[in-house]
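Trainee: okay, here's the prediction I keep looking at, along with the sequence it came from:
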Amino acid sequence: MAGQPAVGRDWILKVQEALHETNTKYPFLAYGTDWLPLGIFVIAIAFVGALRDPVRQHLAVHFGMIACILVVPYALLLRALRGFPLGWRSSTVLRCGWVHSL
């Protein structure tokens, strides 16, 4: 991992070690991540009606807007609680593309 800052390299090594130990001792925990894509797909189905008729399905549109707004504070809070480095916490805003709209 040449060229990476020490903080980023240390963090990646720490995450790699944690994943290895967790998967070795408790492989059943990975089962929870299998449900994440299903949940995302099910939520996406709620927006099919809004694509067809957004005026009639305004509640789905409002739900989507509120969910998008809540991503940033939720991610920042949980990343702080989980001990993510400060730079990685602020990357949520960048990945969401909010910087380009400012």
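Mentor: Right, received. Where do you want to start? Everything quoted here is computed from the prediction, not taken from an experiment.
Trainee: sec struct for Phe84, please.
Mentor: Three states are possible here, and by DSSP: H, G, I helix; E, B strand; the rest coil the one that applies to Phe84 is coil.
Trainee: so where's this structure shaky on pLDDT?
Mentor: When residues are selected by pLDDT under 70, those of the chain lie in 1-5, 7, 31-32, 88-102.
Trainee: and the spatially most central residue of it, how far from His62?
Mentor: For the chain, Ala75 is the residue whose C-alpha lies nearest the centre (CA atoms, centre = their mean; 6.9 Å). Distance check for Ala75 against His62: by CB to CB, to the nearest Å, it reads 21 Å. C-beta coordinates here come from the backbone N, C-alpha and C atoms, glycine included.
Trainee: can you tell me which residues contact the residue of the chain positioned farthest from its centre?
Mentor: For the chain, the C-alpha farthest from the mean C-alpha position belongs to Arg56; by CA atoms, centre = their mean, that distance is 29.7 Å. Contact analysis of Arg56 by CB atoms under 8 Å, 6 or more residues apart in numbering lists Gly49.
Trainee: Three-state assignment for it, please.
Mentor: From three-state DSSP, the assignment for Arg56 is coil.
Trainee: how far away is it from Ala30?
Mentor: With the distance defined as CB to CB, Arg56 ends up 41 Å from Ala30.
Trainee: for Ala80, same thing?
Mentor: The value you get for Ala80 to Ala30, if CB to CB is used, is 25 Å.
Trainee: same thing with Leu59?
Mentor: Spatial separation of Leu59 from Ala30 under the definition CB to CB is 35 Å.
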